[in-house]
Each structure stands twice: as C-alpha cells, then as structure tokens.
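> Quick check, what structure comes out for this input:
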Amino acid sequence: MNESKDIVLVVDYHLENLEVRQLNQATGEERCFNRKNTATGILRLVRQAQEEAAVSGGKVVWIMESTTGWARVKELLGDQVEFLLANVLQMPLPPKARRRKTDKIDTGRIQREYGNGSLPLAYQPPRGLREVRRLVDCRRDLVRRQTALKNWISHYLSHETWYGTKNLWSQCGLQRLKSLALSVPDRWLLDRKITELEHVQALLEQVEDRMMEVYRAWPDAQRLDEVRGIGPISAVTILAYIGPIDRFASAEQLISFAGLAPGVHRSDGRGYGLRIGGGGTHSQLRFFLIEATRWLKEIPRYAAAYDRMEARRGKKVAKVALARMFLRSIDKMLRTGASFAPEGGLAGVPSKRGPDTTGRRNRMGPQRPSRPPRLLRPPASAVLAAAHAIPAGRGQRGAGQENESEGSRTARRPVGLAVHRGARQEAFCATTNE
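Down below sits the predicted model:
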C-alpha cells in the first residue's frame, strides 16, 4: 500500500465539467466533487490541494485519463503537480462495468489502481512529436478524401456512361473527363468533384512538402529510408507513430503496440493463439508495415524466412511475420544507431534469390522465380466419354453378376468408384498431353 502523504487528485476530464476525487493519503480522507473546466478553476483547485499537502509535507499528484485535453492541462499546471496519464485500456474492467458506468466509478477505479501501485501509465508525447503526428494525420485524411473522390467519379462513369476509366487520373485523362458530353446537372456536379479533387491534390502536395522538411531534419528517418520499400513519407509516418524507442522495454512490446502480436489464451498448460491486434494497438502503424512487405520480401535478409512461411501458412500470415521481423530491425536501428543491412540477419540460411543484378538503390534481389503453371481441368465431355468407355469387367457388372449377394455388391462399390476416378484421371492426362 502506498504510504506517502500526498494529495491525489483523480480527474475525469470533460469539455465543460471535471469530476474530481480527492484523497489525502496522510489522513485517509476522501471526497468527490465537481468543478467547471476552466483554467482559473483548475489553478484554484491545485492551489487548495497544495495548501493541504503542505501540512503533512507531501505533494500534489494529478491523475487523468489519456483523452483530449491533457496537453493543455499539463502545460497549465507545469511543475506545480506530478502529472500522470492513466492508460485505461490496460486496466481490468469490474464485473458490472457494462451495466454501471459513471464518472465516480471511473475515478474510483483509477484511484484504487494507483494506491495498489499497478496503475498503467500512458505515454506523454512532447509538443514537437505531437505536431509531427498531426501533420501525418492531416496527410492521411487528405489521402482518404482523394480516394473517395476518385471512387465517386469512377462509379459515376461506370454507372451512367460507357467512358473507359483506364488512365483516367493522368493529365490527358482529366482533360478528356472535363470535355465529356453530359447532361447539365451531371456536368455541373462532376465539375465540382474534379475541382475538389484538384484542390485536395494541391493540399496533399503542400503537406508532403512539410513532411519532407521533417525528413531532412530527422536522421533516424533518413536511415529508415535506406530500406527497400520505405520512402521518405513512410519513414516519417512510421517514426512519428512509434515515437522515442526508449518507451518500449523490448522489441516485443513494439510489436504488440503495432498490433502485430497474436493474442494468447492459456490455462493449465493448454492454450491456443488468437487474432492479432486488440485494444490499444496502433492500426495505422500496422497498415504501413503490412504494405511495406510487398518490397521487404525481396530483400535477402528476409527472403528465405518469407518463402518458408508462405509455403507453410500462406501469404497473409507470411506478411504479418515479415512485418514483425522488420519491426525488430527498426527497434535495433533506433536503439543502436546502426544502418540497415540488407544481407544480414539470416546467416547460413540460403535464399531463393541470387545476388543483386538490378542496380537499384537498396540492392534488392532479383524477382522471385515464377511458379510452375497450373494444369487446366479437362472439359466435362472428355471426362464423361472416358467414363462411359470403361469395359464391363472394370467396374460394371456383366451378364453373370445379377445373382451377387448384397454384401458382395457393397464390397465392389469402392472398386468401381476407384476405377471411375482412374478413368477421369486418364482422360485428364490425355487432354493435357494433347
């Protein structure tokens, strides 16, 4: 049990009001009350708590959830309090949490966890990192809007006209789209969509220019850009989502944060794996890592492991495993300051890909060998013709077999079935050989 003499203020923060649970650890006195969410009201509340803590020689501890508004509260309070952010997603739910949920219950849960020394804390990114993350999120929103506009235009053309959508988004395609003969209402609406699309693309270029400025001032992003499949924009995005690598105790915690670690259900020595992801994971970081596997699988460092996993479990599982391997490489690069080694990591394990012959920037290996062509199924007419051509002694009863017992006929059925399958296989081989 915590034996300090502090004043603990657990605050459920809302836009207009604050639900406060105050605990005097020296006397054990606890009380709940509401305050208006204003800068003056918060400073007055902390000043009163400081006067009460000075009697017992303690300090003021401010605890709130990691929701919107914590940044301005932390900047307002400064060094007056010990500021803690509670990660409520990592806190266990009480049995009736879905039936009874109030602000007082929430503050009580946080206070109990803090008193027991088991309160999970959330990361508090500094202002510079928050600004980069907002820039990255702005680009993500613009890309989504650009995709929505393109999908709307493509759907309209496919539904109302016979105009082809090939090379539609090139300069020539857009010029043809602007000169397309349409009805007056559709022409007006399509022009508005094209104008909005051009505006979004111009904004997207400006945002990416700002991200390139961040890239040129970020050495870690420049080293991450050396990896095949990771460009400057992707490097800044991935590092902005990860933040300082020191906040993760190991690479496995980073993998769990990215939503690439499978869940585990185990009891009494038995268990099974669950899906990847879960609460508190970063889906956008996972998206960028999974997309990067399209090029990462060609790097000799990961090629052999990807081939083995693809042969055993399929492409989807192999992509997730490759993304986990790449995150371990990122973790090592950020902790040690080392550069990426395309040939390292799998010493002694042969790869299907030979040495670099492409001359590309990241020494990507040659393209994967093509798989053998899949055999085509024979036409149904050839299979039926071969099945009807089976002699009577090879699966059909002849003239002297009407008096067979029921047991003998049952025993002969698998033979006839096997012969019929054999005939289909013979017809299949005959058609494919032709």
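
> Residues contacting stretch 115-123, please?
With CB atoms under 8 Å, 6 or more residues apart in numbering as the test, stretch 115-123 has contacts from 1-2, 23, 63, 66, 84-87, 90-91, 110, 113, 243, 247. Glycine gets a C-beta too; all of them are placed from N, C-alpha and C.

> hmm, 7 Å instead?
Contact partners of stretch 115-123, identified using CB atoms under 7 Å, 6 or more residues apart in numbering, comprise 1-2, 66, 84-87, 90-91, 110, 113, 243, 247.

> distance between the ends of it?
End-to-end span of stretch 115-123 (CA to CA, to the nearest Å): 20 Å.

> Please renumber the chain so that the first residue is 17 from this point on.
Let's use 17 as the start, then, which means that last one is stretch 131-139.

> Domains in the protein, by residue range?
For the chain, the structural domains run 23-131, 143-233, 248-352, 389-412+427-450, going by automatic domain parsing.

> Would you convert the ones you listed into a markdown table that also reports mean pLDDT and distance to residue 239?
Output for the domains of the chain, formatted as a markdown table (pLDDT from 0 to 100; distance: least, CB to CB, whole Å):
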| stretch | mean pLDDT | distance to residue 239 |
| --- | --- | --- |
| domain 23-131 | 91 | 29 |
| domain 143-233 | 94 | 11 |
| domain 248-352 | 88 | 6 |
| domain 389-412+427-450 | 46 | 42 |
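
> What I need now is these written out in a markdown table, including mean neighbour count and distance to residue 358 for each item.
Listed next are these as a markdown table, based on neighbours: other CB atoms under 10 Å; distance: least, CB to CB, whole Å:
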| stretch | mean neighbour count | distance to residue 358 |
| --- | --- | --- |
| domain 23-131 | 16 | 37 |
| domain 143-233 | 13 | 21 |
| domain 248-352 | 17 | 5 |
| domain 389-412+427-450 | 13 | 31 |
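
> Quick one: closest of those to residue 359.
domain 248-352 (5.3 Å; CB to CB).

> ok now that closest one, how far from the chain's centre?
Its chain's C-alpha centre and that of domain 248-352 lie 9 Å apart, by CA atoms, centre = their mean, to the nearest Å.

> On the three-state scheme, residue 155 is what?
helix (DSSP: H, G, I helix; E, B strand; the rest coil).

> same deal with residue 311?
Applying three-state DSSP to residue 311 yields a three-state assignment of helix.

> Name all residues that make contact with residue 158.
Residue 158 touches 216, 219-220, 223, counting by CB under 7 Å, 6+ apart.

> Distance check, it against residue 101.
29 Å (CB to CB, to the nearest Å).

> how much space between residue 235 and residue 248?
Distance from residue 235 to residue 248, counting by CB to CB: 13 Å.

> Identify the bridge partners of the closest residue to residue 49 other than its chain neighbours.
Spatial nearest neighbour of residue 49, excluding adjacent residues (CB to CB, 6 or more residues apart in numbering): residue 36 at 5.6 Å. In this entry, residue 36 is beta-bridged to residue 27, residue 49, by DSSP bridges.

> Columns distance to residue 241 on top of the domains of the chain, output as CSV?
Rendered in CSV, the data for the domains of the chain read as follows (distance: least, CB to CB, whole Å):
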stretch, distance to residue 241
domain 23-131, 29
domain 143-233, 7
domain 248-352, 5
domain 389-412+427-450, 38
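
> quick one, which of those domains is nearest to residue 242?
In terms of CB to CB, the element of the domains of the chain nearest to residue 242 is domain 248-352, at 9.1 Å.

> how about the strands in the chain?
With DSSP state E as the criterion, the chain has strands at 23-29, 33-40, 45-52, 76-81, 98-102, 278-283, 286-292.

> so what does the third one touch, helix or strand wise?
Same thing as strand 45-52. Contacts defined by 3 or more CB pairs under 7 Å, 6 or more residues apart in numbering; DSSP states H and E place strand 45-52 against strand 33-40.

> report the angle between the axes of the strand it packs on and strand 76-81?
140 degrees (axes from the mean of the first three to the mean of the last three CA atoms, to 10 degrees).

> Hey, what's the angle from strand 33-40 to strand 45-52? Just curious.
Here the directions of strand 33-40 and strand 45-52 differ by 160 degrees (the same axes, to 10 degrees).

> to the chain's geometric centre, what's the distance from strand 33-40?
Here strand 33-40 shows a centroid-to-chain-centroid distance of 36 Å under the convention CA atoms, centre = their mean.

> and the angle for it with strand 23-29?
Interaxial angle, strand 33-40 versus strand 23-29 (the same axes, to 10 degrees): 160 degrees.

> C-alpha coordinates for strand 33-40, PDB please?
Extracted as PDB, the C-alpha positions of strand 33-40 are listed here (Å, rounded to 0.1, in the frame of the first residue of the first chain):
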ATOM      1  CA  ASN A  33     -17.100  19.900 -16.200                       C
ATOM      2  CA  LEU A  34     -14.500  18.000 -14.100                       C
ATOM      3  CA  GLU A  35     -15.400  15.100 -11.800                       C
ATOM      4  CA  VAL A  36     -12.700  15.200  -9.100                       C
ATOM      5  CA  ARG A  37     -11.900  12.500  -6.500                       C
ATOM      6  CA  GLN A  38      -9.500  13.900  -3.900                       C
ATOM      7  CA  LEU A  39      -7.600  11.700  -1.500                       C
ATOM      8  CA  ASN A  40      -5.500  12.800   1.400                       C
END
